[in-house]
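[1] below: sequence and its predicted model.
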Amino acid sequence: MKVLANAKLTVAQLDTLQRIDPRLQLVREMDAEAARRELRDAEVLLCLDLPGPLEDAPALRWIQLVSAGAEHLLEAGLGGTDVTITTVSGIHRAPISEYSLWAMISLARRMPVILRESERHQWKPGRLRSYYGEELCGKTLGILGLGAIGRQVATVARCLGMRVLGLRRSVAKAGSHPPADGLFGPEGLLEMLPRCDFVLVVLPLTPETRGLIGERELRAMKPTSCLINVARGQIVDEAALARALREGWIAGAAFDVFSEEPLPADSELWDLPNLIVTPHMAGQTMPYMDRVTELFGENLRRYLAGEPMLNVLDKARGY
């Protein structure tokens, strides 16, 4: 059986996968044209994107993504095929929860302002109080999406004395969400937003979540609140976000994802003083591919044994 890895695996990581079954034909190929050729007789593919059109992969039975989001494969037509797709949902739990905490602290303690002053090598004379910020303790965090990441952030936030509200597709599954002072379904979004000091977006991108946060939702938030997006840029209307930050509908934001990536150099978002911009790296840390290898290895073992695999994508739901 041929397994094509179109991902940046080290020799040690490849050896780990090969030991699962020495008979596997395990091919690592990062060159685009070579990967497309190798795809023609591959049964299993480890990748972020398809290295070639699906019609060039008649033997393909399973795709293991190196990402949690799979919307790009569904948009490419994989939703209507019998190819199994698995994701790495869950491996971002620690890094994205840490990023989310960093973003909340940075916004609360006015770090964007303070860092700009540091670059100028000058504090405002006699105005130290203007650098004072808020505390997270006692504030309310609204989490849009209570998957593995959302639950981890909720756990950390509650340890800091924050009140947690959560929004999820279904609120009927007892025990599948973290302890919360309030739980809302999608229809309760506008009721939830005015109660929050911070709003964290960790939803998958689906037809239901695309454009979920627009002018109406941003205006529903407190003028002292902050929005953090670590999910997908297309969930938030960026033009409305820019207006909200310029006109004071909300106090600040931290965005790791954008509708176009990398963020174009001429985007107005770069220059908004109350927006923290990062390059889609909230979930990326040095151990990332080790975690991918571990999860893929377990799924590969299960695939060979005919056992149910982990993180199988529900193509109808999109996650």
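    The structure has been received and is ready for your questions. Residues are numbered from 1 along each chain as shown.

[2] can we go C-alpha only for contacts and neighbour counts from here?
    Noted.

[3] quick check: A251 touching L272?
    No - using CA atoms under 8 Å, A251 is not in contact with L272, being 11.4 Å away.

[4] tell me which of these two has more neighbours.
    Taking neighbours as other CA atoms under 10 Å, A251 and L272 compare with A251 leading, 22 against 15.

[5] common neighbours of A251 and L272, please.
    L245 (CA atoms under 8 Å, 6 or more residues apart in numbering).

[6] ranges for the helices of the stretch 1-150 of the chain?
    Remark: helices assigned in the stretch 1-150 of the chain by DSSP state H, counting those that start in this stretch are 11-18, 32-39, 71-75, 93-108, 111-119, 148-159.

[7] of all those, which one is nearest L183?
    helix 148-159 (12.1 Å; CA to CA).

[8] which strands or helices does that closest one pack on?
    helix 93-108, strand 140-144, strand 163-167 (3 or more CA pairs under 8 Å, 6 or more residues apart in numbering; DSSP states H and E).

[9] and the longest one, what's buried?
    Of the residues in helix 93-108, those buried by neighbour count under the rule 16 or more other CA atoms under 10 Å are 93-100, 103-108.

[10] now these in a markdown table, please, with extra columns for pLDDT and distance to P308.
    Shown next, in a markdown table, are the buried residues of helix 93-108 (pLDDT from 0 to 100; distance: CA to CA, whole Å):
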| residue | pLDDT | distance to P308 |
| --- | --- | --- |
| R93 | 95 | 23 |
| A94 | 96 | 25 |
| P95 | 97 | 27 |
| I96 | 97 | 27 |
| S97 | 97 | 28 |
| E98 | 98 | 31 |
| Y99 | 98 | 32 |
| S100 | 98 | 32 |
| A103 | 98 | 37 |
| M104 | 98 | 38 |
| I105 | 98 | 41 |
| S106 | 98 | 42 |
| L107 | 98 | 43 |
| A108 | 98 | 44 |
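
[11] what is the nearest of the residues you listed to Y131?
    Nearest to Y131 among the buried residues of helix 93-108, with distances taken as CA to CA, is A108, at 10.5 Å.

[12] dump the residue contacts of the closest one.
    G133, E134, E135, L136.

[13] so the last one sits against M162, correct?
    It refers to L136. Yes - L136 lies in contact with M162 (CA under 8 Å); the separation is 6.4 Å.

[14] centre-most residue in the protein?
    A231 (3.6 Å; CA atoms, centre = their mean).

[15] let me know the pLDDT of it.
    pLDDT for A231: 98.

[16] spit out the contact partners of it.
    Taking CA under 8 Å, 6+ apart as the definition, contacts of A231 comprise V201, V202, L203, P204, L205, D256, V257.

[17] now do 10 Å
    68-69, 96, 144-145, 200-205, 255-258, 280, 282 (CA atoms under 10 Å, 6 or more residues apart in numbering).

[18] for the chain, what helix or strand is lowest in average pLDDT?
    Sorting the helices and strands of the chain by mean pLDDT, DSSP states H and E puts helix 111-119 at the bottom, at a mean of 90.

[19] buried set for it?
    Applying 16+ other CA under 10 Å to helix 111-119 flags M111, P112, I114 as buried.

[20] pretty sure the second one contacts D271?
    By that I understand P112. No - with contacts counted by CA atoms under 10 Å, P112 stays clear of D271, the gap being 11.6 Å.

[21] please enumerate the helices of the stretch 201-319 of the chain.
    Using DSSP H, counting those that start in this stretch, helices in the stretch 201-319 of the chain cover 215-220, 238-247, 288-305.

[22] so for H121, which of those sits nearest?
    Once the helices of the stretch 201-319 of the chain are compared by CA to CA, helix 238-247 is nearest, at 25.8 Å.

[23] other residues contacting that closest one?
    Contacts of helix 238-247 (CA under 10 Å, 6+ apart): 211, 213-219, 221, 223, 226-227, 248-253, 258-259, 268-269, 271-275.
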